[in-house]
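quick one, structure for this:
(one chain, ligands or ions: 1)
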Amino acid sequence: MTMEALARRRVEVLGVPVDAIDMGEALRRADWMVQSGPMASCILAVNPEKVMSVPRDPWLWQFVRQANLLIPDGIGVVWAARFLRGAVSSRVPGADLMQELCALAERRGYPIFLYGAKEEVSEAAAARLQERFPGLKIAGRANGYVPEGEMDALVDRINASGTKILFVALGSPRQERWIAEHRSRLQVKVIQGIGGTLDTIAGTVKRAPRIWQRMNLEWLYRLLSDPRRLARQVALPVFAGRVVLDRMGLGAHRDETRTVRAALRADARRRKLGEARVKDAVALRGSAKMAGGELHGDGPHGIPAGVLGGAGPHPSSP
Ligand code: UDP
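All right, here's what the predicted structure looks like:
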């Protein structure tokens, strides 16, 4: 599929873009990305929960827009894309795409890397994948609890491993922030955000039986097997209601430009406030010196720690 054809298939559901494609197209696209695409092409999943949560975070919203492939992970999104935009696609669950990508990687000899989840989950998932795809080259893996100070070393390790496809399993939006922060240094071809998929492969979290999946009832199975997810699943009826309202022309979903502008304004305000605090601190230090006293700050430029707190943008903002 050409880039233009894919661009034509990108539609918006309540302001969140999604590519109206099926598994075959998603795979062809991913294969093209590995062979001819730009470095670090990003694949993310879109489901009703994300459609509801992403616009609440302007940074994440922008990041999602820039993804190279946005798969319709939930049946709700497939339905909404059809209902609102007439876009025909079928569900491409992120967990299924990940395993299809492993099968593709095995066939083509693309090394993969698994980053995320608890150590025992990561280890078990790697073993299960190796069993399922004996020819798959798992170039490396790391659990999702690498200390911040070791992040550069992790990126170096991924780069040195010759990985073509990197799976990031930190949950959302942690994985998106990690990808954004390290993408420019990652010498891999494709990065897929896979949330809790390694837990399902390792068997620590059960996926719905095939029959439930075929009936598009995976969400109900998850809800019944883990009622703590209720708060998250409450988003589903709200999502359905908003889609219907949108179709009736009564949609009141967030205006992206307004939301992003508001976030940038808030950021600038925070920064100004920070600068004012710095000026105050410097003045304070000056008068303390003049009075013969001394401030023993441990922050930058001798400014007491904490004075600069919260002054800058989000550390992982691009
Ligand atoms: N996780 C991680 N590091 C963290 C926090 C979470 O590796 O600092 C992992 C966690 O062990 C789990 C996954 O991220 O494997 C979160 O899965 P969840 O189902 O919440 O993600 P979702 O698919 O809903 O985005």
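
contacting residues for the residue nearest to the spatial centre of the chain?
Residue closest to the average C-alpha location in the chain (C-alpha atoms, centre = their mean): residue 176, at 3.1 Å. Residue 176 makes contact with 44, 60, 63, 64, 193, according to C-beta atoms under 8 Å, 6 or more residues apart in numbering. Placement of C-beta: from N, CA and C, glycine included.

in which helix or strand does it reside?
helix 174-182 (DSSP states H and E).

which element follows that helix toward the C-terminus?
Immediately after helix 174-182, counting by DSSP H and E, sits strand 190-193.

with only the CA atoms kept, save that following strand in PDB.
The C-alpha coordinates for strand 190-193 follow below in PDB (Å, rounded to 0.1, in the frame of the first residue of the first chain):
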ATOM      1  CA  VAL A 190       9.700   0.000  13.900                       C
ATOM      2  CA  ILE A 191       8.500   0.600  17.400                       C
ATOM      3  CA  GLN A 192       5.200  -0.800  18.600                       C
ATOM      4  CA  GLY A 193       3.600   0.300  21.900                       C
END
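
one step back: got the confidence number for the residue nearest to the centre of the chain?
Note on residue 176: pLDDT of 96.

gap between stretch 188-199 and the chain center?
Relative to the centre of its chain, stretch 188-199 is centred 9 Å away, using C-alpha atoms, centre = their mean, to the nearest Å.

so is residue 92 in a helix, a strand, or just coil?
coil (DSSP: H, G, I helix; E, B strand; the rest coil).

rewinding a little: any chance of TSV for the contacts of residue 176, columns pLDDT, distance to the ligand and secondary structure?
Listed next are the contacts of residue 176 as TSV, based on pLDDT from 0 to 100; distance: C-beta to the nearest ligand atom, whole Å; DSSP: H, G, I helix; E, B strand; the rest coil:
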residue	pLDDT	distance to the ligand	secondary structure
44	98	10	strand
60	94	12	helix
63	96	14	helix
64	96	13	helix
193	98	8	strand
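
would a markdown table of those with neighbour count be doable?
Formatted as a markdown table, these follow (neighbours: other C-beta atoms under 10 Å):
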| residue | neighbour count |
| --- | --- |
| 44 | 26 |
| 60 | 18 |
| 63 | 22 |
| 64 | 23 |
| 193 | 26 |
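
next, give me the two most distant ones among the residues you listed.
The distance between the two most remote of the contacts of residue 176 (C-beta to C-beta) is 11.3 Å, for 60 and 193.

verify the stated contact: residue 19 with residue 9.
Yes: between residue 19 and residue 9 there is a contact under C-beta atoms under 8 Å: 5.4 Å.

which neighbours do these two share?
By C-beta under 8 Å, 6+ apart, the residues touching both residue 19 and residue 9 are residue 89.

tell me which of the two has more neighbours.
Neighbour count, other C-beta atoms under 10 Å: between residue 19 and residue 9, residue 19 has more, with 25 against 17.

ok, the more buried one - contacts?
6, 9, 10, 26, 69, 70, 71, 72, 89.

ok, 10 Å please
By C-beta atoms under 10 Å, 6 or more residues apart in numbering, residue 19 lies in contact with 6-11, 25-26, 29, 43, 46, 67-72, 81, 87, 89, 92.
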